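1. sharing a model that was predicted from the sequence below.
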Amino acid sequence: MLRKSTVFRLRAKSVFLCQILLSLGFLSIGASLSVSAAAASELNSQLDTTLSKEATASNSVAKKTIDSNIDRNLEIESLLEDSTLEDSTLTSTKDSALASTLASTLESLINLPIDLASDSALPKPDLAVGSELALSPATELAQVTTVSELSDVQPGDWAFTALQRLVEEYGCLEGYPDSSYRGDRAITRYEFAAGLNACLDVVVQLIDGGTDLEELRRLQEEFVEELAAVRSQLDTLEIDVAELEANQFSTTTKFSAQLFTHINFATAGDDVLAEGLNAFVPARDPVTNEPIVRTITDDTEPTFSYYTWLNFTTSFTGQDRLQLQLTTGDGNGNANFYGSAGLLNTFGVPFTLQTGVTGGEDNIILREVFYSFPVGDKLSFTVGPAINWYRHFDNNRFTFYLSGANSFNSSGGTQVNAIDRGAGAVVEWDIADWLDFRVGYLAENTEFLPGPRSSTKNGLFDGTTTLTGQLGIYPTDDINLRFLYTRSNIEPNPAGFVGGAVSEPIYGFADDGFGGALRTATADTFLFNFDWLITDGFGLFGRYSYGSTELFPVSDDRPDGEINAQSVQVGLAFPDLLKKGAQGTISYVQPFDVLDGRSFLASGGGDGAVQQEVEVSYRYPISPNFAVVPSFYWINNVNNFEDNPDIYVFNLQGQFSF
């Protein structure tokens, strides 16, 4: 006897063929199917005669099943005889009943046991129609050998695959002499019986020939070990899937995390001049009105710190996104030790080396909360109380801080926006494949940094706010151009100074020019950003920005002030350097070049020199979830003092993702 799996495959193939014919025949004709009680009786008579002649004792159970199906068919004939429709159309209920009976009968026939070792085989029902059922010359069909011969059958038709298999694999489908199939016309019982008989003949020939079965048996024996291994792997996979389904975090929310570790060291080699009483408080000499300058004589020691993000990403429709990100850490870049007041994180500090200004406490902070959703195919909206500005603006393929240039100064424009994260909304419009436009409005919501937060009386529309527009032009896949404009309203801190982390385009602290407080300030910033992948392993990138800040003193005796400054960045990138997914980066930056208005800077202006920084970094992925990033920074003219010694910073970052 054949193996059960082999017989099952043959039976399934036969049932598949018959069900295709039933769907092509009955489901397409509906109430227009023309039936004949004589034809049904003839069909049952032929089946009964065939089974009585060729069925063996081992097939008696199957015979009973077929007899039961024949009784069902006789019941349908009785219904037909009682019908007043005579030889007209049947209702859809009778069509379904007749189709079910034929399908059940054929499946019972296919389910008979097969024994290739004996002389007996499947009964071969002779369903050929007698002379009284012959087709008229007008409806004679012609055998086709490929579905392409049927002129009215197209690859997009819903039944194309079924027709193609019947024609090209089984050769039991006929078309009209004019090479048409006429698939949308109703089928008669004559045509259905002829087509069914032709396909059954093919099935019986395949079973009798035994070549497919022998080939299947040979392949099973040849690959028995491989099949066993696959079964074992599937069993393991089913167990794992069941475990995941039983213990998944959420059906709608995905949890992920990133952990960054830093070994950081900075040295100056000599005394460093810095403006301000400390890193946060500026001051002027009451006699000369010049900013107070202090001297930093100590050096730093190596530190080992961490910074982490916990992300909860939820989607309700599959296209929207609700993002919540928690963060904590204990890091503080060693280079900050040498900075003037208001220049925190402005040179030699990796972007993910922060939070240390909270006194080393590992506070958990809500860093991002926003909801994004599409409106049509071209528009998307993002709203929330803590939107990350850099998710939407000033992107650059070579300066993303997780894969490319990673310092605060190199990863983004140094003057373009006073708020990194804030409450508001962003609209993105994909005009074309090569063109998009984005606009966003944010009110201050800074997480770690000690800059002033907008008071509750100011809300969304007073205090520190920014309005940004960006036009992106992408002439090729290798060149990206971005043009940005930001309008900023800057709220002074409680001491009346404008500056610190939320005062860009100003670096340092600004007052009324005489140590007096400011009522408010506004700024207009323009930025150009580009990246160009010249070859697969080499690219260029750069930024240029210009910012103009208007200062409005509290005292009516003081005139309004203005500070104009620019920043420049240019760099080289080496994607996939030594390994796929790696990247080497060299970035040169002038973060804050004061063009005029230096007298309004209580700190940050130095002696008129221009600070410049060179960053060399290399990201090397050890695995998909772990990478190491060694970085080296050289800072010249620190704090915009020409006489300051150069500062050298080394950082080794570890990136873990879960």
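-> Perfect, I can see it now. Numbering: from 1, shown residues only.
2. longest strand in the chain, by residue count?
-> Using DSSP state E to define each element, the chain has its longest strand at strand 518-535.
3. convert the C-alpha atoms of it to CSV, please.
-> Extracted in CSV, the C-alpha atoms of strand 518-535 (Å, rounded to 0.1, in the frame of the first residue of the first chain):
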residue,chain,number,x,y,z
LEU,A,518,16.3,92.0,28.4
ARG,A,519,12.6,91.9,28.0
THR,A,520,12.6,89.6,25.1
ALA,A,521,14.5,88.7,21.9
THR,A,522,13.6,87.5,18.4
ALA,A,523,15.7,85.8,15.8
ASP,A,524,15.7,84.9,12.1
THR,A,525,17.9,82.0,11.0
PHE,A,526,18.6,80.7,7.6
LEU,A,527,20.3,77.4,6.9
PHE,A,528,21.4,75.4,3.9
ASN,A,529,22.2,71.6,4.4
PHE,A,530,23.4,69.1,1.8
ASP,A,531,24.7,65.6,1.6
TRP,A,532,26.1,64.0,-1.6
LEU,A,533,27.0,60.3,-2.0
ILE,A,534,29.7,60.6,-4.7
THR,A,535,30.5,56.8,-4.8
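4. going forward, the N-terminal residue is numbered 50.
-> Let's use 50 as the start, then, which means that last one is strand 567-584.
5. okay, now the sheet partners of that strand, with direction.
-> Strand 567-584 pairs in its sheet with strand 528-539 (antiparallel), strand 587-602 (antiparallel), by DSSP bridges.
6. reformat the ones you listed as CSV; add mean neighbour count.
-> (C-beta placed from N, C-alpha, C; glycine too.) Formatted as CSV, these follow (neighbours: other C-beta atoms under 10 Å):
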stretch, mean neighbour count
strand 528-539, 20
strand 587-602, 20
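7. where does the chain have low pLDDT?
-> Where the chain drops to pLDDT under 70, the residues are 50-194, 257-260, 298, 405-410, 495-511.
8. okay, buried residues for the longest strand of the chain please.
-> Judged by neighbour count using 16 or more other C-beta atoms under 10 Å, the buried positions of strand 567-584 are 567, 569, 570, 572, 574, 575, 576, 578, 579, 580, 581, 582.
9. of those residues, closest to residue 252?
-> Distance ranking of these against residue 252, using C-beta to C-beta, places residue 582 first at 58.3 Å.
10. what distance do you get for that closest one to residue 384?
-> According to C-beta to C-beta, to the nearest Å, residue 582 and residue 384 sit 31 Å apart.
11. same question, residue 649
-> 26 Å.
12. of the two, who's got more company?
-> Set side by side, residue 649 and residue 384 show more neighbours around residue 384, with 31 against 24, by other C-beta atoms under 10 Å.
13. can you tell me the SS state at that one?
-> helix (DSSP: H, G, I helix; E, B strand; the rest coil).
14. phi and psi next, for residue 219.
-> The phi/psi pair for residue 219 (degrees, to the nearest 10) reads phi -110, psi -20.
15. before we move on, what SS does the closest residue to it other than its chain neighbours have?
-> Distances taken as C-beta to C-beta, 6 or more residues apart in numbering place residue 251 nearest to residue 219, at 4.8 Å, with adjacent residues excluded. With three-state DSSP as the basis, residue 251 sits in helix.
16. thought residue 220 was touching residue 251, still the case?
-> Yes: assessed by C-beta atoms under 8 Å, residue 251 is found in contact with residue 220 at 6.6 Å.
17. put together CSV for the strands paired with strand 567-584, with distance to residue 612 on each row.
-> As requested, these are arranged in CSV below (distance: least, C-beta to C-beta, whole Å):
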stretch, distance to residue 612
strand 528-539, 11
strand 587-602, 5
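18. please settle this for me: is residue 688 part of a helix?
-> Yes: assignment of residue 688 by three-state DSSP places it within a helix.
19. distance check, it against residue 486.
-> Relative to residue 486, residue 688 is positioned 38 Å away (C-beta to C-beta).
20. more neighbours, these two?
-> Set side by side, residue 688 and residue 486 show more neighbours around residue 688, with 30 against 13, by other C-beta under 10 Å.
21. for the more buried one, which non-adjacent residue is closest in space?
-> In this structure, residue 688 finds its nearest non-sequential neighbour in residue 389, 4.5 Å apart by C-beta to C-beta, 6+ apart.
22. so the one you found: helix, strand or coil?
-> Going by three-state DSSP: residue 389 is coil.
23. so what's it up against?
-> 323, 324, 325, 328, 557, 652, 653, 655, 688 (C-beta atoms under 8 Å, 6 or more residues apart in numbering).
24. same question, residue 358
-> Shown in contact with residue 358 (C-beta under 8 Å, 6+ apart): 306, 307, 374, 375, 376, 416.
25. so the fourth one sits against residue 413, correct?
-> Yes: assessed by C-beta under 8 Å, residue 375 is found in contact with residue 413 at 5.7 Å.
26. the more surrounded of the two?
-> Between residue 375 and residue 413, counted using other C-beta under 10 Å, residue 375 has the larger neighbour count: 16 against 11.
27. name the element the more buried one belongs to?
-> strand 370-378 (DSSP states H and E).
28. neighbouring strands - and their directions - for that strand?
-> Applying DSSP bridges, strand 370-378 is found paired with strand 352-363 (antiparallel), strand 414-424 (antiparallel).
29. among these, which comes closest to residue 640?
-> The closest of the strands paired with strand 370-378 to residue 640 is strand 352-363. By C-beta to C-beta, the value is 21.9 Å.
30. might one say that residue 556 is in contact with residue 653?
-> Yes: between residue 556 and residue 653 there is a contact at 5.1 Å, judged by C-beta under 8 Å.
31. which neighbours do those two have in common?
-> Common neighbours of residue 556 and residue 653, using C-beta under 8 Å, 6+ apart, are 391, 392, 548, 641.
32. list phi and psi for the closest residue to residue 213 other than its chain neighbours.
-> Leaving aside its sequence neighbours, residue 213 sits nearest to residue 196 (C-beta to C-beta, 6+ apart; 4.4 Å). Backbone geometry at residue 196, expressed as degrees, to the nearest 10, gives phi -70, psi -20.
33. against residue 453, how distant is residue 196?
-> 53 Å.
34. measure stretch 434-453 end to end?
-> End-to-end distance of stretch 434-453 (C-alpha to C-alpha, to the nearest Å): 29 Å.
35. enumerate the positions of that stretch that are buried.
-> 435-439, 441-453.
36. helices - which of these land there?
-> Among the buried residues of stretch 434-453, no member is found in helices (DSSP state H).
37. out of those, which are inside strands?
-> In this view, those that belong to strands under DSSP E are 435, 436, 437.
38. pick out the most distant pair among the shared contacts of residue 556 and residue 653.
-> Of all pairs drawn from the shared contacts of residue 556 and residue 653, the one with the longest distance (C-beta to C-beta) is 548 and 641, at 11.4 Å.
39. related to what we said a few turns ago, how many other residues sit next to the residue nearest to residue 213?
-> Residue 196 has 22 neighbouring residues, counting by other C-beta under 10 Å.
40. so what's it up against?
-> Residues counted as contacts of residue 196 (C-beta under 8 Å, 6+ apart) are 202, 209, 212, 213, 216, 217.
41. redo that, cut-off 10 Å
-> If you count contacts by C-beta atoms under 10 Å, 6 or more residues apart in numbering, residue 196 has them with 202-204, 206, 209-217, 222, 224, 230.
42. PyMOL command to pick out the buried ones of those residues?
-> Here is the PyMOL command that picks out the buried ones among these, judged by 16+ other C-beta under 10 Å:
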select buried, resi 202+206+211+212+213+215+216+222+224+230
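43. filter the contacts of residue 196 down to just the ones in helices.
-> 209, 210, 211, 212, 213, 214, 215, 216, 217.
44. let me have these in CSV, extended by distance to residue 287.
-> Shown next, in CSV, are the ones in helices among the contacts of residue 196 (distance: C-beta to C-beta, whole Å):
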residue, distance to residue 287
209, 35
210, 30
211, 31
212, 36
213, 34
214, 31
215, 35
216, 38
217, 36
